[in-house]
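Novice: One predicted model, sequence on top.
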Amino acid sequence: GSTEYGSYQLKLNKRGKYHFGSMKITSRFPLGIVERGVVTDHPDEILVFPRIGRLSLSWKNMIRADQEVLQLGNLRHRVHEDEFHRIREYRDGDNPRAIHWTSTAKQGEIMVKEFHENRESNLDIILDLWQSDKKADIQELRLELAISFIATVIYEKLNDSSDLQLKIAVLGRSNFYWEGHPSPHNLKIIMSFLAEAKGYHSKKEETLPMDNNLDFSFNDRVLIVTTRKRETPAWGQINDYLKNIWSPQGNSQMITMEADPEKMQKYFSLPTL
């Protein structure tokens, strides 16, 4: 006898968890008259992450402009802390307070601590997956757009800066709170949750199911993406609520975006399936 190998491709267009059950293999070899088969029981599952799109130049320019405004405010209020970089030999003009006396004694010459200013502002993300009871197909489109947009922002931040601190709150049927530095491992954690994130229904549209103990910094950039419509009274109430959390106590820059396909096409696009 001989062994034959075969393969097939399956295109999964929707995010989420897929379960695979038993597989039936049949053959009519060699004459094509009699069919024989066997059922293999090897259940498995696969998790499909959200679709990654492309952030436009308009989005990147807007973020860059907000970052510059935030940096100016932080410089004015001196909220950035300098980060220790290395110990080096003394140079003319160095601050005597930076002398590292232990290293000076060991090296036999004056050594100083060198610091680099940390100018990169951290990013706080809130993804609000509120769903109404009307027009379910439109609501689903907005939800998927919001999730893919945030997934793309996080994915690009992974490639931009490993020093950036990310803080994420996903408000959905089950909430998700995470903070840390971008890395392949952390990206997998975030994407795994986003793969199965579902929207939530609330009779009180003007409320957010947020944990009041969220540790968001008052000097971070804040990005809020919501499935709610900008024209509804709830939008203004939610926006005011979030501004009261950050703005009065710091110099944060807050961007609030509605997950509307027409309004977001200026900043974000998804590849066609």
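Specialist: Yep, that arrived. Numbers count the residues shown, from 1 in each chain.

Novice: where along the stretch 1-150 of the chain do the helices fall?
Specialist: Along the stretch 1-150 of the chain, counting by DSSP state H, counting those that start in this stretch, helices occupy 57-77, 101-107, 136-160.

Novice: Let me know which of those is the nearest to residue 21.
Specialist: Taking C-beta to C-beta, helix 136-160 is the member of the helices of the stretch 1-150 of the chain nearest to residue 21, at 26.5 Å. Every residue, glycine included, has its C-beta placed from N, CA and C.

Novice: just checking, what packs against the helix or strand just after that closest one?
Specialist: Once helix 136-160 ends, the next helix or strand along the chain (criterion: DSSP states H and E) is strand 166-171. Applying 3 or more C-beta pairs under 8 Å, 6 or more residues apart in numbering; DSSP states H and E, one finds that strand 166-171 makes contact with strand 123-128, helix 136-160, strand 176-180, helix 184-196.

Novice: Put together TSV for these, with distance to residue 93 on each row.
Specialist: Converted to TSV, the helices and strands packed on strand 166-171 look like this (distance: least, C-beta to C-beta, whole Å):
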stretch	distance to residue 93
strand 123-128	35
helix 136-160	33
strand 176-180	38
helix 184-196	40
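
Novice: ok, residue 17 - how many residues close by?
Specialist: Neighbours of residue 17 under the rule other C-beta atoms under 10 Å: 11.

Novice: My guess is it contacts residue 44. True?
Specialist: No. The pair residue 17 / residue 44 is not scored as a contact, 11.2 Å apart, by C-beta atoms under 8 Å.

Novice: ok, back up a step: could you export the helices and strands packed on strand 166-171 as JSON lines, including mean pLDDT and mean neighbour count?
Specialist: Output for the helices and strands packed on strand 166-171, formatted as JSON lines (pLDDT from 0 to 100; neighbours: other C-beta atoms under 10 Å):
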{"stretch": "strand 123-128", "mean pLDDT": "89", "mean neighbour count": "23"}
{"stretch": "helix 136-160", "mean pLDDT": "89", "mean neighbour count": "18"}
{"stretch": "strand 176-180", "mean pLDDT": "89", "mean neighbour count": "15"}
{"stretch": "helix 184-196", "mean pLDDT": "93", "mean neighbour count": "15"}
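
Novice: This completes my enquiry, with thanks.
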